[in-house]
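In: no FASTA, just this:
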């Protein structure tokens, strides 16, 4: 199968990191096509970026009509519903994938994202999915998306502080990493804190494969027609 | 990977059907171990069956400590939380798998199950998962679980009536088949009604593979410790 | 005060109708600037149109930096949160305005919109606003947006059928007209059915004036910064 | 238009303050009739006052049958539904007006009221309106209503403490002043804390004007007949 | 124990019927004091009656300071919170008692009340109690409260129609009679329809005895202080 | 009447304590039959115990077919729905009884239970009952169930700490003791903290008597048939 993984921002170093994570999680026979948007913001932080990146995202999707499934690799799940209108292949956002996965391995989870400017949008998504009932809290680490590309240890420390608070204050039993750019942090934080740390890229990729294997496609009956 | 698929009722013809569906959905390299409970009701319909089948289910699970993931093949997701307490492998119920899958391919879905006696329990599960927000209605077809084993065309007609009502009255855009014993009906009903018909067995199997590939395990921090 | 009323689709006959309704509702001293998007779909029906019209909407807004308040004249409230990020003036969508108004004059209301393709998006908005608790149902009349421009009596009859159903089946005590293009129908349907029929354009215009008079501006503390 | 603003407690110094705020927010051509209840508690704090002030409120309303709109100037929105039964003019409580306004300028707001005895009633109102989904928290300042009439700086300091907590702990992006007697604090607290501080009196007055301009009246179909 | 049962309307024939029902349900050693309000509407139907009957209700309660528990015998639970402010004895409304009882004997119930004018208020109560999650629907029989005093068989037939609809359309598994004046209908309708028919007077009386035996009193910590 | 009170764990010292509490709350003429499960865990803490104790509980119930009402004396309300399938007598869990009682004497309550492992299950119950809307928080004292049998003063101190936090942080106005083994603590903690402290055993016993006096039985129409 061909799996299109679109980074809807224009930062290609981030696409590379996302592609590596996708490759590591996917079955060997899955072909991963990782594409960067050519038209939009350099990172997606807050309502304005979320809105303005959609045309660029749609261009990438329309350029790959033969994809068997599509992953939108932005934790805000921006444009996911619009993409579902232009394809019958399954379309999954990395945010929703992570929330659904966390719901199946823990009773309650917290999300740790980048800037507080993004919180309201993520909370609105959780509400729409119904998974606000399983998410105790969405926390901002105050690390900008592009800062994650620098591998600064101080950055990870800020995320650590929030994980600790999520466990102690929120009684979260799993952590969702709330940015596609955090995809490389999952494994060692999970060991360090002894609880599942969920990366949306890995979840979206493996869920996309799952939907294809289960022969499910996007409903074209009404809303996505 | 070894995937344990447990039928928590004692009807082995149903286990065979479930195994076939699991095999069809799984990757070729996944080893499917389909096991029938040795101790419990012949079918699971209503609160009493849901409660009394759990010890038999746990016996099967405890007999397979090397499973990499476990699917509980009863649409009521009976005992799923209890099973999570005895393993760190991912554990998925076919009900929850179907609901999560349906949420990713449609804005709203309806469930069609067997007897009306089961409705309250399924609604309570949806509420707990938060996915009542995406499920318009759970419908009973008044077909008893074991009747599904007889391949009587009148049985399928009763399910057809409910699918039509779900589309017209509930404005559902996907249908979830609310019984593990309906697993063989998915593909032709989907074509017939031109919308996704979701079978929990296929979803649970492929999601279990997905969680294993994404390196996620059941949280042992608190509730499932 | 200068009130910018943006039609985020590119159909200027619709902008004219919206302008008339705005002018009729506004105080004489309010200057109404009605502007049509230059870049986007001809009508906004469903997720794809909702997403792709935002850049054109933002261009119009950015071209009028001196507006004291902004009305987004699309019932989907598309781009409202994005517009709030580029101005500190109050920004109101005609959908949200109508819902808030209906909540203050009736205990329960129903919405009557154009195509069923738009229902899921409107329901998601109501959920986010909390006003799903006051809205009994969103109904589709199956009248396309641009058909409303033709003044065909059959069109109004379809809306009448839904109003009657909303009163009888939903027990709605007010009706919200779910499309900016229905703005001219409010007064006579209200008389005919003897209940308030709420037009979002009138509400958004007068609420925008209200917020300006009450000296309230968009919060720039975090999400809209 | 004639706008009746009723203070449902018997403290006329409070009515004077409310009238000033109403006058400042209203259009010059709006005639403000500010009336004090002649029969009821001196201030409205908690369930007992909320219940016992209604007959006095209704007397005032019935004495002004020619009002084009009515504002109930008590933050508990006491008697608003009862008043809607005796008039077809729009009737707005200052609490609901403030919540609706705050929803249109911020994603999340907190309310700061007087005594903790009033919290449960305000929370019940928010629930009924659906706006509990937008209100993070209702906070008590422990300032009694009538203490607000004394202009003691210590009083304002207590409110400041709660605003700071609402911003830092609740992540509120707007503040609603939860008492009609706080109406004179809005502008300077808004500047001081650099976020919208919403006064219900100003909102209710301008929204009442808005509904009249939009030609909306209270639904007399059923609940308010 | 002394149990004060207050009819907050002024119709004494209704008080007699309520007293009989209370006497039949109570333990022999419980002294039932049934009192009629001296000041208020003849029946309580809709928001206006609900508000205006409270002062008369409080007068009755204040005249019986030695009551060990108080039942407010109006299905709207009018004034219950206010009464809790003037006593530390347990105070129960017949509406809430019926909802709590129905929740303990069925997964879902429907309510059948008098006029549709009362629906919005009852729904608001259910929301506040949280028991809207267990109540499928509140139905109006269009029988005015005082009509119930006439023992007209046509009246009971209208209630029968709604019970049948509640079973068939709402899938209700218990029926709550939504008016204190229906208290004499419980037993034979329950037999006729073969499901529990819940009368609030019997429930409120026996729950009041229960709270007294369990040594529970109204919390005076804050809201009811 | 004969009231069967079943302790679904196998610790008979706990049954003795429960029987004493039941006896103290019941009417003298009620015959209390307190029975200990012969087959299951020694205490019920977390999902695994909740599931595995049900068969033993059902054995006890089936051995007492003449009970007029049944109390399941485990705060998790384990097996309550299953027991309702084997009897038409009213069946009440001590958890639900306590929540319903607390709702009638306070606007908001907090629960204080034993281990944090039990929190998710209790929260799921509250959600299903709808009473999560009245419960501010479920708190773990980290006291294991069987530790309560030792009467260690340090144990009570841990509960005291949580009561204080519930009052100060949660603004709870009543406390629910979240374990049948805490039944002897109710009266003196209530006095000490000057608010209602609710014990589920006393509530379940007196509510069971109430339902019998009100002639209500478990609905056998569908889910419990």
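Out: Perfect, I can see it now. Note that the coordinates shown come from a computational prediction; the quantities given were computed from them, not determined experimentally. Numbering: from 1, shown residues only, chains lettered A, B, ... in the order given.
In: Return the distance of the most centrally placed residue in chain A relative to residue C:4.
Out: The centroid of chain A falls nearest to residue A:94 when counting by CA atoms, centre = their mean (2.4 Å). As judged by CB to CB, to the nearest Å, residue A:94 and residue C:4 stand 36 Å apart. C-betas here are computed from N, CA, C, even on glycine.
In: ok now do the residue nearest to the centre of chain A, which residues does it touch?
Out: A:71-75, A:77, A:180, A:200-201, A:203-204 (CB atoms under 8 Å, 6 or more residues apart in numbering or on different chains).
In: and with 7 Å instead?
Out: Listed by CB atoms under 7 Å, 6 or more residues apart in numbering or on different chains, the contact partners of residue A:94 are A:71-75, A:180, A:200-201, A:204.
In: pLDDT wise, what is it at?
Out: In this prediction, residue A:94 carries a pLDDT score of 97.
In: The lowest-mean-pLDDT helix or strand in chain A: which residues count as buried?
Out: Counting by mean pLDDT, DSSP states H and E, the weakest-scoring helix or strand in chain A turns out to be helix A:186-193, with a mean of 90. By neighbour count on 16 or more other CB atoms under 10 Å in any protein chain shown, the buried set for helix A:186-193 is A:186, A:189-190, A:193.
In: which one of those is nearest residue B:46?
Out: residue A:190 (39.3 Å; CB to CB).
In: how about the nearest residue to the closest one, chain neighbours excluded?
Out: Excluding its sequence neighbours, the residue lying closest to residue A:190 (CB to CB, 6 or more residues apart in numbering or on different chains) is residue A:197, at 4.0 Å.
In: Please enumerate the helices of chain A.
Out: A:12-25, A:47-52, A:54-62, A:80-84, A:94-105, A:119-129, A:153-168, A:186-193, A:200-213 (DSSP state H).
In: weakest of those helices by average pLDDT?
Out: helix A:186-193 - the lowest mean pLDDT of the helices of chain A, at a mean of 90.
In: Output the contacting helices and strands for that helix.
Out: helix A:153-168, strand A:197-199 (3 or more CB pairs under 7 Å, 6 or more residues apart in numbering or on different chains; DSSP states H and E).
In: now the ones you listed as TSV including mean neighbour count?
Out: Formatted as TSV, those follow (neighbours: other CB atoms under 10 Å in any protein chain shown):
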stretch	mean neighbour count
helix A:153-168	16
strand A:197-199	28
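In: JSON lines for those, including distance to residue B:173?
Out: Below are the helices and strands packed on helix A:186-193 laid out as JSON lines (distance: least, CB to CB, whole Å):
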{"stretch": "helix A:153-168", "distance to residue B:173": "34"}
{"stretch": "strand A:197-199", "distance to residue B:173": "27"}
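In: for the ones you listed, which one sits closest to residue F:167?
Out: Residue F:167 sits nearest to helix A:153-168 of all the helices and strands packed on helix A:186-193, at 21.4 Å, using CB to CB.
In: how distant is that closest one from the center of its chain?
Out: Remark: helix A:153-168 is offset 19 Å from the chain centroid, using CA atoms, centre = their mean, to the nearest Å.
In: Residues touching it, excluding its own?
Out: A:110, A:112, A:137, A:139, A:141-143, A:147-148, A:172, A:175, A:185, A:189, A:193.
In: so which of those residues comes closest to residue A:57?
Out: residue A:148 (20.2 Å).
In: Against chain F, how distant is the closest one?
Out: Counting by CB to the nearest CB, to the nearest Å, the separation of residue A:148 from chain F is 32 Å.
In: Not counting sequence-adjacent ones, nearest residue to that residue?
Out: residue A:181 (4.1 Å).
In: Same check on residue A:225?
Out: Residue A:225's closest residue in space is residue C:117 (CB to CB, 6+ apart), at 6.2 Å.
In: same question, residue A:18
Out: Counting by CB to CB, 6+ apart, the residue nearest residue A:18 is residue A:73, at 4.9 Å.
In: so what's the one you found up against?
Out: A:5-7, A:18, A:94, A:180, A:201.
In: repeat for residue A:209
Out: Contacts of residue A:209 by CB under 7 Å, 6+ apart are A:1, A:26-27, A:30, B:210.
In: Tell me the spacing between residue A:193 and chain F.
Out: For residue A:193, the distance to chain F - CB to the nearest CB - is 17 Å.
In: Quickly list the domain ranges of chain A.
Out: If you go by automatic domain parsing, the domain ranges for chain A are A:2-94+A:203-213, A:95-199.
In: Count the neighbours of the closest residue to residue A:65 other than its chain neighbours for me.
Out: Once flanking residues are discounted, residue A:65 sits nearest to residue A:87: 7.7 Å by CB to CB, 6+ apart. A count of neighbours around residue A:87, defined by other CB atoms under 10 Å in any protein chain shown, yields 21.
In: Look up how far chain C lies from the residue lying farthest from the centre of chain A.
Out: Going by CA atoms, centre = their mean, the residue of chain A most distant from its centre is residue A:221, 26.2 Å out. Counting by CB to the nearest CB, the separation of residue A:221 from chain C is 10 Å.
In: Next one: that residue from chain D, what distance?
Out: From residue A:221 to chain D the distance is 29 Å (CB to the nearest CB).
In: do residue A:93 as well
Out: For residue A:93, the distance to chain D - CB to the nearest CB - is 20 Å.
In: what's the burial count for that residue?
Out: 28.
In: now residue A:13
Out: The burial count for residue A:13: 14, using other CB under 10 Å.
In: try residue A:65
Out: Residue A:65: 10 neighbours (other CB under 10 Å).
In: And the pLDDT for it?
Out: Looking at residue A:65, the pLDDT reads 97.
In: Then residue A:152?
Out: For residue A:152, the predicted pLDDT is 86.
In: Counting neighbours, what do you get for it?
Out: For residue A:152, using other CB under 10 Å, the count is 12.
In: cool, residue A:109 as well?
Out: 28.
In: quick one, what contacts it?
Out: Residue A:109 neighbours (CB under 7 Å, 6+ apart): A:102, A:134-135, A:172-176.
In: Residue B:129: which of those is nearest?
Out: residue A:134 (7.3 Å).
In: In contact with the residue of chain A found nearest chain D, which residues?
Out: Nearest residue of chain A to chain D, counting by CB to the nearest CB: residue A:120, 4.0 Å away. For residue A:120, the contacting residues are C:223, D:107-108, by CB under 7 Å, 6+ apart.
In: Would you mind listing what in chain A touches chain C?
Out: With CB under 7 Å from any CB of the partner chain as the criterion, chain A comes near chain C at residues A:46-48, A:51-52, A:54-55, A:79, A:81-82, A:85-86, A:116-117, A:120, A:124, A:127-128, A:222-223, A:225.
In: Show me how to select, in ChimeraX, the buried members of those residues.
Out: In ChimeraX, a selection of the buried entries from the residues of chain A next to chain C looks like this (16+ other CB under 10 Å):
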select /A:46,47,48,51,52,54,55,79,81,82,85,86,116,117,120,124,127,128,222,223
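In: ok, for residue A:215, nearest residue in space, not its chain neighbours?
Out: Counting by CB to CB, 6+ apart, the residue nearest residue A:215 is residue B:187, at 6.7 Å.
In: Same check on residue A:101?
Out: Residue A:101's closest residue in space is residue A:203 (CB to CB, 6+ apart), at 4.3 Å.
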